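[1] 3D model of this:
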Amino acid sequence: MTNEEMIELLNGDMQHEIKAALTYLHQHATATGFQGEQLRAFLAPEIPGELQHAIFLADKIVGLGGTPDVTAPPIEPQPDVESMLKHDLELEKEAVANYKRRAEQAEELGDVGLKVRLEELAAEEADHQESIARFLRGLGS
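    This is a model prediction of the structure:
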C-alpha cells in the first residue's frame, strides 16, 4: 500500500460520505407522512455527521500529499420511507465494510493514527446501521 493508493481509496470513501449526506438531505426534504416526520427527525443529525466524516477524510488526503476530490456522486432518490431506509441501510453497510478494509490498509501503510480513526468511523457507521435496522423493524420490514 502506497500513499498514492491510500489517497485514491480515501477519496472514494469521502465521496461515499458526500453521497450519504446528500442522500439524507434529499430524504429529509422529501419524506412525507407520519413515518416521514419520524425519518426527518432521525436524519437531521445524521447529515452533519456524514459531512464531518468527509471533512476528516479530506484533511487526511491532504495530509498524505493528495488533493480531495469533492465531486458529488449522484444520489438515488427513493419513492417512500421504507425504500429510503432500505437504501440507507445498504449505504451504511458499505461504509462499515469499506472502513474496516481501509483500517487494515492503513496498518499496512504504517499509519497507526489513520488506522484507529478509520476503526472509529467504522464503529460510528455500524451504529447508524443498527439504528436504521431498528427503524425498519418498526415499520414491519
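[2] and stretch 95-102, average pLDDT?
    Average pLDDT, stretch 95-102: 98.
[3] what about Gln65, which SS state?
    I think there's a mix-up here, since residue 65 is Gly and not Gln. coil (DSSP: H, G, I helix; E, B strand; the rest coil).
[4] Pull the contacting residues for it.
    Listed by Cβ atoms under 8 Å, 6 or more residues apart in numbering, the contact set of Gly65 reads 3, 7. Any C-beta I mention is one placed from the backbone N, CA and C, and that applies to glycine too.
[5] start at 319 instead
    Okay, residue one is now 319; in that scheme the one you just asked about reads as Gly383.
[6] On the pLDDT front, check the residue sitting nearest the centre point of the chain for me.
    Centroid-nearest residue in the chain, with Cα atoms, centre = their mean: Glu335, separated by 4.1 Å. We note a pLDDT of 97 for Glu335 in this prediction.
[7] for the closest residue to it other than its chain neighbours, helix, strand, or coil?
    Distances taken as Cβ to Cβ, 6 or more residues apart in numbering place Ala372 nearest to Glu335, at 4.0 Å, with adjacent residues excluded. Going by three-state DSSP, the secondary structure assigned to Ala372 is helix.
[8] can I assume Ala372 is in contact with Ile336?
    Yes: the pair Ala372 / Ile336 is scored as a contact, 5.3 Å apart, by Cβ atoms under 8 Å.
[9] rewinding a little: how far away is the residue nearest to the centre of the chain from Glu438?
    In this view, Glu335 and Glu438 are 14 Å apart by Cβ to Cβ, to the nearest Å.
[10] So for those two, which residues contact both of them?
    By Cβ under 8 Å, 6+ apart, no residue touches both Glu335 and Glu438.
[11] So, low pLDDT: which residues of this protein?
    Along the chain, segments meeting pLDDT under 70 span 459.
[12] just checking, Glu425 touches Lys433?
    Yes: with contacts counted by Cβ under 8 Å, Glu425 reaches Lys433, the gap being 4.7 Å.
[13] Now do the SS call for Pro395.
    coil.
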